[in-house]
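Enquirer: take this sequence and fold it.
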Amino acid sequence: SVPNRRNIMTARSRVFARPATFAILLLAVLLATIHSPTAVFASDDEWESAVSMPIGRGGAVAVYAGGGKAFIIGGFANALGDTNLNLRMKIQSGIAQYEFKAPAPTARAEMAAANKSGDIYVAGGRSRGGSIPPYSIKLLDTFEVYHSNSDTWETLPPMPTPRAGLGLVVEGDNVYAIGGRVGGQGILKSGNVLNVVEIYDIDAGTWSTGTPMPTPRSDFGIAVMGSSIYVMGGWDGTPNAGDLDTVEKMSTSSGNWSTTDSMPMARTALTIVVEGNDIYALGGHTGIVDPSNELDKADVLDTDDDEWETINPMIGERAQAVSVKLGGDVYVLGGHFYPDVSGSAANGTAVQKYDD
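Expert: Numbering: from 1, shown residues only. Below you'll find the predicted structure:
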């Protein structure tokens, strides 16, 4: 279990309220500094490097599927383009281990995915082989499910609206496909953003339309907490700008939307992971589409009171990364800007974890 941050701060306040205790602690710190050429102060909330992925990718999806396993699917990789790679990740004795599993039927990037009981639903995205210049891209309505327990894929009825940069969550027996972008060059921060909400009934195998999002957006963070779907940040369609800090949530029982506290910093192409009642908003980029505008920003939303807290920044800046909670830690994998200003990729194999 994760200790309550407020309880930690209260305990620290009580310790330092006692002068004798404070003096002893201060002396211990000074002695440690004298006997060590570089004083290093350990923390319970630091980022550290983990075992790298075999192939670096940006614009992939990562989903925890239960049973101590996560899967990193698709994304753009140098020399490979848009991929259908399916990489299983698990933690063994505290070390990340990887194994390639059955490839997805469709090679794509900038899609979305969500898990229900080991079934990973993958929707939309963009892929090569289309007519959108200058990268010959096409936007996808493709909807597939990966049955992780049997390592098999199944093609499902397509989404009504082809799009990239959307968000996907599962709540109950429904898959919610929200927002995204169409047109433009088919890539990050191009085209028109959407506020559409489309709902797939898993049992009936059919799509329906839900209440539109108040703020059209693409390339945002999304999470489901109980019966509430949170969307945060993203792009509002303004060229070379338009990064959002707004956070909206939808009740799946009523379909109604409401607004909650904004993120500490506006950003696009961030990655989201849930830990208990907390939602981690990690990385992303802001401003003109350029690798120099990637972020190492890390914030946490406590959904009990809808308040934000900024934590230690990640190791290096990255956008279009993916993240999962695995083995008690938060992992951030791959990412980096795609495509860069020359139209090529600059994504990484790097993996880091956060011990909270």
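
Enquirer: got a list of what Thr215 touches?
Expert: Thr215 makes contact with 195, 236, 244, 246, 248 under the criterion CB atoms under 8 Å, 6 or more residues apart in numbering. The C-beta positions use only the backbone N, C-alpha and C, and glycine is treated the same way.

Enquirer: how would you label it: helix, strand or coil?
Expert: Of the three states, Thr215 takes coil according to DSSP: H, G, I helix; E, B strand; the rest coil.

Enquirer: returning to that earlier point: list just the nearest of the contacts of Thr215 to Asn256.
Expert: Of all the contacts of Thr215, Glu248 has the smallest distance to Asn256: 10.7 Å, by CB to CB.

Enquirer: show me what contacts the closest one?
Expert: Taking CB under 8 Å, 6+ apart, we find Glu248 in contact with 213-215, 230-232, 257-260.

Enquirer: for the strand or helix carrying it, what is the average pLDDT?
Expert: Using DSSP states H and E, Glu248 falls within strand 247-251. Strand 247-251 shows a mean pLDDT of 98.

Enquirer: same thing with stretch 102-112?
Expert: For stretch 102-112, mean pLDDT rounds to 97.

Enquirer: and what of stretch 142-161?
Expert: Averaging pLDDT along stretch 142-161 yields 98.

Enquirer: do stretch 45-53 as well
Expert: Stretch 45-53 shows a mean pLDDT of 91 in the predicted model.

Enquirer: any idea how far it is from the middle of the chain?
Expert: Taking the mean of its C-alpha atoms, stretch 45-53 sits 16 Å from the chain's own mean (CA atoms, centre = their mean, to the nearest Å).

Enquirer: renumber starting at 123 from here on
Expert: Okay, using 123 as the starting number, the last item reads as stretch 167-175.

Enquirer: what's in contact with that stretch?
Expert: For stretch 167-175, the external contacting residues (CB under 8 Å, 6+ apart) are 194, 209, 217-220, 420, 433-437, 453, 455-456, 471-478.

Enquirer: among those, which are in strands?
Expert: Judged by DSSP state E, the contacts of stretch 167-175 include 194, 209, 217-220, 420, 453, 455, 473-477 as members of strands.

Enquirer: double-check that Ser414 belongs to a strand.
Expert: No - Ser414 is assigned helix when assessed by three-state DSSP, not a strand.

Enquirer: and it, how far is that from His458?
Expert: 12 Å (CB to CB, to the nearest Å).

Enquirer: of these two, who's got more company?
Expert: Between Ser414 and His458, counted using other CB atoms under 10 Å, His458 has the larger neighbour count: 25 against 11.
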